[in-house]
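**Q** structure of the sequence below:
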Amino acid sequence: MRNGFWLIFALIATTIIWGPMACNKKTDVTEDSDKSGADGDSDSDGDADNKCDAHASCFGDDDADGCWQCAKESTCKKEHDACQADEQCAKYAPCAETCRMENPKAVNFIDCRMDCKKEYPDGIELFEALEYCLACDACTDACDALSISVCEVYEPDSESESEKEDTEEDIDWAEMVDIYSQAPDDPPEGWLYTEGNTVKLSNGDGDLTNDDPVHLHGVSVIDVSNVFNNNFEAQVDEAQSWGANIIRLPVYPEDEPQDDQPSDGGWTKDNAQNHFEKYLSPIVEYVTNTKGMYAIIDWHYIQNVIPDSDLDTLTKAFWADMAPRYSDNPRVLYEVFNEPIKIDVFESPRWTFWQPIAQNYVDIIREHAPNNLVLVGGPTWSQTIGGCNNTPILSHNIMYVGHIYSFHIEQADGNSPILDQFADCGGTFPVILTEWGLGSWNGGMDPDIGDVITGAIRDNNFHFTAWAFHHKWGPPMLTDMGTYERNEYGEYVYNFLAEYKEE
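**A** As a prediction, the model looks like this:
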């Protein structure tokens, strides 16, 4: 999370618009309509009286044809009628359909759908069941499919018998949880390793009960090319003086904007060696060897992740290049992907869809770096990681990553369902909040909200790096990068790190 956060939707590269989901009637769009925009598919006669309701939807209309007609007459009738009978779903359906018709760009479509979700939250589950049936079962022709296959992205909670028979290999996930929550065999001396939800430091004597637990706590700086050009040694020294024992180092791809601008020092396959020598290597050397701290190398994308896309290919290339560079440095940790969004048309990103993608990245890292701790976030900006207890990454020495900010707590009226996800995962595996932050990008914070987050960190023994150790990238901890004067949020982080400071 950083400045320019609102642009993340605009970076979605794939159009995810339904085909002719609306009935073939002319839409009456007026200034008084709940939403305004483009018409749906219209009849050739253009009869303005031949229209659906003010929402520009034919859902539930007796004369509906096309997709909604199929919904009423096919095996999806049960789901259609259930949605129509439910007050919230009956309102969500036309709202969602209007989004499709009035927002030809995917970014606007998803934003619109999220507004529908907020307005009619209790109708989502029934509509998802209906939409899945339409797209993937009975009405694929009448309703078309998505350019990103709905049937791959949105998985029902249970597989059909035929799907199970087609599975090449049945994985006993309960056994996988048991195996990979245990410590690896004979972790080498001086290396961190995971055992259950604890991180420990191997002393090399072969008796893991003699190894001490380690808590990782620190801050996240901004893009390494920016840090390098702004006296990185002083930044690291200051963070260590606060009590940090770990620094997170974001590596931005060239096509990932920084502060709404292109990343001038971003990583590409062509400049990989130059980027490493000029920016990353000097900083990692100083953090790990000179200061004796730990360093997280964070592949800092904030994007949807689609298998075999250019982004997916570039991420694999990054780790194939980066993993061997620090395979012999026990103080370097790898964070595979900063914030996968994974928002599909259902606004229901699922860990089970992300897991095999992340597994591919971890497998590449493990080919070159068998011992480094690897950090794996989850969908929805690394907020959805509860599935780690059911379908974990198949590797030892994995920490799961969570991101949370004060506005998440505020939007939930003081509750913390995101923190519940982290705690659920953290009951079995180590969790590290590589980003958490308080207040706005312009300063100011609510300490009570901060206490909810830091209380969860204490109660669950989460590891953490607070964002952002900077005076502009937000939420910022500092008011000046020369004097390192702290603002209210920076003072809060400073005092919190003091609890972990080693004398």
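**Q** alpha carbons only for contacts and neighbour counts from here, please
**A** Fine.
**Q** name the residues that touch stretch 315-325?
**A** Stretch 315-325 has contacts (CA atoms under 8 Å, 6 or more residues apart in numbering) with K269, A272, W299, Y334, V336, N360, Y361, I364, I365, R366, H368, A369.
**Q** if we use 6 Å, what do you get?
**A** Outside of stretch 315-325, the residues within contact range by CA atoms under 6 Å, 6 or more residues apart in numbering are I365, H368, A369.
**Q** what do you get for stretch 454-462?
**A** The contact list for stretch 454-462 (CA under 6 Å, 6+ apart) reads V431, I432.
**Q** on that earlier part again, quick one: buried ones out of the contacts of stretch 315-325?
**A** For those, a burial check counting by 16 or more other CA atoms under 10 Å picks out I365, H368, A369.
**Q** can you tell me which of the residues you listed are in helices?
**A** Taking DSSP state H, the ones among the buried ones among the contacts of stretch 315-325 that sit in helices are I365, H368.
**Q** which of the buried ones among the contacts of stretch 315-325 lies closest to S241?
**A** A369 (30.6 Å; CA to CA).
**Q** tell me where the stretch 401-503 of the chain has helices.
**A** 406-411, 417-426, 447-460, 488-498 (DSSP state H, counting those that start in this stretch).
**Q** low-confidence stretches in the stretch 1-150 of the chain?
**A** 1-57, 63-66, 99-114, 135-137, 140-150 (pLDDT under 70).
**Q** quick one: H300 from I124, how far?
**A** Going from H300 to I124 by CA to CA, to the nearest Å gives 31 Å.
**Q** rewinding a little: distance to M477 added to the contacts of stretch 315-325, as a markdown table?
**A** A markdown table is the format used below for the contacts of stretch 315-325 (distance: CA to CA, whole Å):
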| residue | distance to M477 |
| --- | --- |
| I365 | 33 |
| H368 | 36 |
| A369 | 34 |
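**Q** ok, back up a step: save the helices of the stretch 401-503 of the chain as a markdown table, and put in mean pLDDT, distance to T98 and mean neighbour count too.
**A** Listed next are the helices of the stretch 401-503 of the chain as a markdown table, based on pLDDT from 0 to 100; distance: least, CA to CA, whole Å; neighbours: other CA atoms under 10 Å:
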| stretch | mean pLDDT | distance to T98 | mean neighbour count |
| --- | --- | --- | --- |
| helix 406-411 | 83 | 25 | 16 |
| helix 417-426 | 93 | 29 | 21 |
| helix 447-460 | 94 | 36 | 16 |
| helix 488-498 | 96 | 41 | 19 |
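**Q** which one of the ones you listed lies nearest to I247?
**A** Closest approach to I247 among the helices of the stretch 401-503 of the chain is made by helix 488-498 (12.8 Å; CA to CA).
**Q** any weak-confidence spans in the stretch 251-400 of the chain?
**A** Scanning the stretch 251-400 of the chain for pLDDT under 70 picks out 257-264, 342-349.
**Q** do you have the helices of it handy? List them.
**A** Along the stretch 251-400 of the chain, counting by DSSP H, counting those that start in this stretch, helices occupy 272-275, 281-284, 310-322, 351-368, 379-382.
**Q** tell me which of those helices sits nearest to D237.
**A** Closest among those, using CA to CA: helix 281-284, at 11.7 Å.
**Q** who's in contact with that closest one?
**A** Helix 281-284 has contacts (CA under 6 Å, 6+ apart) with no other residue.
**Q** same thing but 7 Å
**A** F232, A295 (CA atoms under 7 Å, 6 or more residues apart in numbering).
**Q** now swap in stretch 490-499 and tell me
**A** With contacts defined as CA under 7 Å, 6+ apart, stretch 490-499 is touched by W242, G243, A244, M477, L478.
**Q** recalculate using a threshold of 6 Å.
**A** Here stretch 490-499 makes contact (CA under 6 Å, 6+ apart) with W242, G243, M477, L478.
**Q** max pairwise distance over the residues you listed: which two?
**A** Longest span within these, CA to CA: G243 and L478, 16.0 Å.
**Q** quick check: domain ranges of this protein?
**A** Split into domains by automatic domain parsing, the chain comes to 17-145, 174-498.
**Q** tally of neighbours for Y334?
**A** Residues near Y334, counting by other CA atoms under 10 Å, number 26.
**Q** now do the contacts for it.
**A** I296, I297, V374, L375.
**Q** that one and W473: what is the separation?
**A** Counting by CA to CA, the separation of Y334 from W473 is 22 Å.
**Q** same check on I393?
**A** Distance of I393 to W473, computed by CA to CA: 32 Å.
**Q** before we move on, back to that, so for G243 and L478, which sits in the more crowded spot?
**A** Relative neighbour count places L478 above the other of G243 and L478, with 24 against 21, counting by other CA under 10 Å.
**Q** what bridges to the more buried one?
**A** Note on L478: beta-bridge partners R486, judged by DSSP bridges.
**Q** how near is the residue nearest to the spatial centre of the chain to N390?
**A** Taking CA atoms, centre = their mean as the criterion, W381 is the residue nearest the geometric centre of the chain, at 2.6 Å. To N390, W381 is 20 Å away according to CA to CA.
**Q** then N304?
**A** According to CA to CA, N304 stands 23 Å off from N390.
**Q** who's more crowded, those two?
**A** Under the neighbour definition other CA under 10 Å, N304 and N390 were set side by side, and N304 has more, 23 against 15.
**Q** G378 versus that one, what's the distance?
**A** Taken as CA to CA, the span from N304 to G378 is 11 Å.
**Q** now V224
**A** Look at V224 and G378: by CA to CA, they are 23 Å apart.
**Q** neighbour count: these two, which is higher?
**A** Of the pair V224 and G378, G378 is the one with more neighbours under other CA under 10 Å, namely 30 against 25.
**Q** wait, the more buried one sits on T384?
**A** Yes. The pair G378 / T384 is scored as a contact, 5.2 Å apart, by CA atoms under 6 Å.
**Q** which parts of the stretch 51-200 of the chain are helices?
**A** 66-73, 77-85, 87-102, 106-119, 124-133, 140-143, 150-153, 161-166, 173-180.
**Q** can you give the contact residues for the last one?
**A** Same thing as helix 173-180. T391, H396.
**Q** pull out the buried residues from that helix.
**A** Within helix 173-180, the residues scored as buried using 16+ other CA under 10 Å are M176, V177, Y180.
**Q** show me how far that helix is from its chain's centre.
**A** Mean-position distance between helix 173-180 and its chain equals 24 Å (CA atoms, centre = their mean, to the nearest Å).
**Q** going forward, count from 49.
**A** With the count now opening at 49, the last piece we talked about shows up as helix 221-228.
**Q** could I get that helix in PDB with only the CA atoms?
**A** Extracted in PDB, the C-alpha atoms of helix 221-228 (Å, rounded to 0.1, in the frame of the first residue of the first chain):
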ATOM      1  CA  TRP A 221      -4.100 -31.500   2.500                       C
ATOM      2  CA  ALA A 222      -4.500 -32.300   6.100                       C
ATOM      3  CA  GLU A 223      -1.300 -34.300   5.800                       C
ATOM      4  CA  MET A 224       0.400 -31.400   4.000                       C
ATOM      5  CA  VAL A 225      -0.500 -29.100   6.800                       C
ATOM      6  CA  ASP A 226       1.000 -31.500   9.300                       C
ATOM      7  CA  ILE A 227       4.200 -32.000   7.200                       C
ATOM      8  CA  TYR A 228       4.900 -28.400   6.400                       C
END
